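Undergrad: Need coordinates for the below:
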Amino acid sequence: MRLSVLATAMLVLASGPVDARRAAPHTARWIVPANPSPPSSLALVKGGHFRLGRIIPAKLYELQRDALVANRDVLTIPAGTLMIKLEDQPRTACELKSRRGSAYSCITDADGDGRFETYFLTQVFNEIFLGSIGDDFAVFPLAGSVEITEIDAQSRTPDIGLELKVERLSKGVVKYRICLRPSWEGKYYKQAPCSKEPVQAELDDSGRVSIQGQRVRLIPAEGKPSSVIVESSPSDFEFSTSFSLF
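TA: As a prediction, this is how the structure comes out:
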């Protein structure tokens, strides 16, 4: 698998004054699945974006039973919630999708025994959890430890669209951003977070360029692509996201 870092932006706020601790920026890992299909024209979606395909977590997990805060019996995360682990801190897992607006629930396995004993809440202003747990957050013990089980990411991940936003297309050069657009339970989000900084890449003589593992051909018309054709991708493409990059 090939690895790149996809630029992403997240604003993170402190979640509470109790037992706060520091945490460095972290990352989550994703995959653009291999595309063995023959070349096809990409669909033009909202905002002038072209949909390249979908992404899935490198590993996806499911919470096995309700997570309750100790001494409160407050349900923090219900059983069956889809979760992902932090790439560089595998003892921490967070919701793939927030159930509380911009607030995401996370759990931590402090002693490395495979069971998660503590809980914290962090705020990120995206529709999917891209890896950052912020700087300061309050940590609470759970009433009982909980476990997560790895499940098939290909079949269980809700649709998260990988989109291409072309800003400029001139002879031999393309300037673009990568965007992510989730669709939860049939709800299609109009706003797609895009990479903070555009990427400039050279096209080959036939107008082709590799974008997030996809071999793409751009057909120009007055400085913009009149059509975008994606060719088959023989292998998965892996990349990471974090709060300071999007």
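
Undergrad: Can I take it that Ser155 is in a helix?
TA: Yes: under DSSP: H, G, I helix; E, B strand; the rest coil, Ser155 falls within a helix.

Undergrad: quick one, what contacts Val173?
TA: Applying CB atoms under 8 Å, 6 or more residues apart in numbering, we find Val173 in contact with Gln200, Ala201, Glu202, Leu203. Where you see a C-beta, it was placed from the backbone N, CA and C, and this is true even at glycine.

Undergrad: Let me have the residues you listed in TSV, extended by distance to Ser232, pLDDT and neighbour count.
TA: Converted to TSV, those look like this (distance: CB to CB, whole Å; pLDDT from 0 to 100; neighbours: other CB atoms under 10 Å):
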residue	distance to Ser232	pLDDT	neighbour count
Gln200	25	94	11
Ala201	20	94	14
Glu202	22	94	8
Leu203	19	91	18
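
Undergrad: Let me know the closest of those residues to Gln123.
TA: Gln200 (32.8 Å; CB to CB).

Undergrad: returning to what we had before: now for the contacts of Val173: which two are most distant?
TA: Farthest apart among these - using CB to CB - are Gln200 and Leu203, which lie 10.8 Å from each other.

Undergrad: Ile211 versus the residue nearest to Ile178 when sequence neighbours are not counted, what's the distance?
TA: Once flanking residues are discounted, Ile178 sits nearest to Ser195: 4.9 Å by CB to CB, 6 or more residues apart in numbering. Using CB to CB, to the nearest Å, Ser195 is found at 11 Å from Ile211.

Undergrad: Equivalent analysis for Ala201, please.
TA: For Ala201, the distance to Ile211 - CB to CB - is 8 Å.

Undergrad: Next: Val69.
TA: Separation of Val69 from Ile211 (CB to CB) stands at 44 Å.

Undergrad: Could you check which of those two is surrounded by more residues?
TA: Ile211 (22 against 15; other CB atoms under 10 Å).

Undergrad: isn't that one right next to Leu164, touching?
TA: Yes: taking CB atoms under 8 Å as the definition, Ile211 is a contact partner of Leu164 at 6.3 Å.

Undergrad: Please enumerate the shared neighbours of the two.
TA: Leu52, Tyr176, Ile178.

Undergrad: from the residues you listed, which ones fall inside strands?
TA: With strands defined by DSSP state E, the entries of the shared contacts of Ile211 and Leu164 inside them are Leu52, Tyr176, Ile178.

Undergrad: out of these, which are buried?
TA: When those are checked for burial by 16 or more other CB atoms under 10 Å, the buried set is Leu52, Tyr176, Ile178.

Undergrad: and of these, the nearest to Thr92?
TA: For these, the nearest to Thr92 is Ile178 (25.5 Å; CB to CB).

Undergrad: what is that closest one paired to in the beta sheet?
TA: Beta-bridge pairing for Ile178 (DSSP bridges): Leu164.

Undergrad: List the buried residues in stretch 56-75.
TA: Ile56, Pro57, Ala58, Lys59, Leu60, Tyr61, Leu63, Asp66, Ala67, Leu68.

Undergrad: What about the residue nearest to the second one when sequence neighbours are not counted, how many residues nearby?
TA: Okay, so that is Pro57. Leaving out its chain neighbours, the residue that sits closest to Pro57 by CB to CB, 6+ apart is Ile84, at 4.7 Å. Residue neighbour count, defined by other CB under 10 Å, stands at 25 for Ile84.

Undergrad: and what of the one 10 residues further on?
TA: Using other CB under 10 Å as the criterion, Cys94 is surrounded by 27 other residues.

Undergrad: again, but for Ile107
TA: Neighbours of Ile107 under the rule other CB under 10 Å: 26.

Undergrad: for Ser233, same thing?
TA: Neighbours around Ser233, by other CB under 10 Å: 21.
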